[in-house]
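Pasting a predicted model and its sequence here:
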Amino acid sequence: MSSPLPGLPVPLRDAAGALAFYTRLPLPLDAGRQRAFADIQWAAPLAGAVIGLVVGAALWLALALGLPAQLAAAVALAAGVVLTGALHEDGLADTADGFGGGRSRDDKLAIMRDSRIGSYGVLAIGLSLIARWAALAALAEASPAGAVLAGIAAHAGSRAVLPALLAALPPARADGLAAGIGAIGSKTVAAALALGFVFLLPCGFTFAVTASVVLGIVAFLVARLALAQIGGQTGDVLGAAQQAGEIALLACATVFLLP
C-alpha cells in the first residue's frame with residue numbers, strides 16, 4: 001500500500017489519520033504502511049489538542065473583537081462543533097436516546113442506530129452545551145489565557161481515555177465503527193493516557209493530577225453504565241464518554257483556575 005503522506009514519519013501519519021477521523025480537516029485517514037486504525041488511536045489526544053487550540057483561538061479572537069465573555073464562549077463552542085462535525089455530540093444524543101428510551105438491549109441498540117433524535121438526545125446535547133458554555137464563559141471572563149489552556153486540556157484529555165474504553169469494553173454489536181476498529185494494544189492505551197496528562201499540565205500540576213482522577217472516575221462510570229445497558233461499547237458510547245469527560249475537565253478548570 002502506498003502512503004497517502006509520503007516522506008512523513010509514521011507518528012506524523014498517525015497524527016494525520018487521527019485528525020482526519022476526529023475532525024473534518026481534509027487529511028488522509030489512512031496512516032499508511034497498512035497500519036491498523038486501532039494503532040493510530042494513541043494520537044487521539046493530539047487531535048483533541050488541535051481541536052482545543054482552534055476553540056481557544058476562536059474564543060480569543062471573539063474577545064479581541066470586543067465581544068463579551070458569554071458570547072465569545074458561544075462562538076468558541078460553535079467553532080468546535082463545525083470543526084468536528086458534531087461527531088461526539090451526535091454520539092451523546094444517540095446514547096441518551098437509546099439508554100433512556102429502550103426497554104431491552106436490542107431496543108436500545110436499535111434506537112442508537114436510528115438517525116432520528118428524540119427528547120432524551122435533545123436534552124443531553126442541550127445540557128452538554130450549557131455546561132461547557134458556562135464553564136468557558138466563566139474562564140474567559142477571568143482569564144482568556146486560562147480559558148484557552150483549559151479548552152486544550154479538556155479536548156485532549158477527554159479523547160485520551162477513548163482508547164482505554166475501547167480496550168476495556170467489548171463491542172456491543174458485531175458491526176459498526178467500534179466493532180471494526182480492531183484490538184487496542186496496551187502500549188496504545190498508555191501512550192494516549194500519557195499524552196492526555198501532558199496536555200493537562202499547562203493548567204498546573206495539581207490540576208493535572210486532580211483532573212486525571214476525575215476523568216478516570218467519569219470514564220469508569222460511563223463504562224459501567226454501558227455494560228449494564230447494552231453489554232459493551234459502541235461509537236456512540238465513546239462520543240458520550242468524550243462529552244462527559246470534556247464537561248468534567250472544564251468543571252475542574254473552573255475550580256482551579258478561577259480566582
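In hand now; what should we look at? Residues are numbered from 1 along each chain as shown.

any idea which helix or strand comes after the lowest-mean-pLDDT helix or strand in the chain?
In the chain, no helix or strand scores lower on mean pLDDT, DSSP states H and E than helix 177-180, which sits at a mean of 63. Using DSSP states H and E, the helix or strand that follows helix 177-180 in sequence is helix 186-200.

now stretch 49-56, how far from the chain's geometric center?
12 Å (CA atoms, centre = their mean, to the nearest Å).

what comes up buried for it?
In terms of neighbour count (16 or more other CB atoms under 10 Å), stretch 49-56 has its buried residues at 49-52, 54-56. For the C-beta atoms, the positions are set from N, CA and C on the backbone; glycine is no exception.

For Ala183, see how far away the closest residue to Val75 other than its chain neighbours is.
Of all residues not flanking Val75 in the chain, Ala62 sits nearest, at 4.3 Å (CB to CB, 6 or more residues apart in numbering). In this view, Ala62 and Ala183 are 42 Å apart by CB to CB, to the nearest Å.

out of the two, which sits in the more crowded spot?
Between Ala62 and Ala183, counted using other CB atoms under 10 Å, the more crowded position is Ala62 (22 against 10).

host element of that one?
Counting by DSSP H and E, Ala62 is part of helix 44-64.

Could you name the helices and strands sitting against that helix?
helix 10-22, helix 69-84, helix 119-142, helix 144-160, helix 186-200 (3 or more CB pairs under 8 Å, 6 or more residues apart in numbering; DSSP states H and E).

Verify the stated contact: Glu89 with Gly126.
No: using CB atoms under 8 Å, Glu89 is not in contact with Gly126; the gap is 10.3 Å.

next helix or strand past the longest helix anywhere in the chain?
Using DSSP state H, we find that the single longest helix of the chain is helix 205-230. As assigned by DSSP H and E, the chain's next helix or strand after helix 205-230 is helix 235-257.

could you give the angle of that following helix to helix 186-200?
With axes from the mean of the first three to the mean of the last three CA atoms, to 10 degrees defining the directions, helix 235-257 sits at 30 degrees from helix 186-200.

how about helix 235-257: buried residues?
235-254, 257.

Remind me what that helix packs against, helices and strands.
The helices and strands touching helix 235-257, judged by 3+ CB pairs under 8 Å, 6+ apart, are helix 87-101, helix 119-142, helix 144-160, helix 162-168, helix 177-180, helix 205-230.

how about the CA coordinates for the fourth one, as CSV?
Coordinates of the C-alpha atoms in helix 162-168 are reproduced here as CSV (Å, rounded to 0.1, in the frame of the first residue of the first chain):
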residue,chain,number,x,y,z
LEU,A,162,-11.2,6.7,24.5
PRO,A,163,-8.5,4.1,23.6
ALA,A,164,-8.7,2.8,27.2
LEU,A,165,-12.5,2.4,26.9
LEU,A,166,-12.1,0.6,23.5
ALA,A,167,-9.6,-1.8,25.1
ALA,A,168,-11.6,-2.4,28.3
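
Show me what that helix is packed up against.
Under the contact criterion of 3+ CB pairs under 8 Å, 6+ apart, helix 162-168 touches helix 186-200, helix 205-230, helix 235-257.
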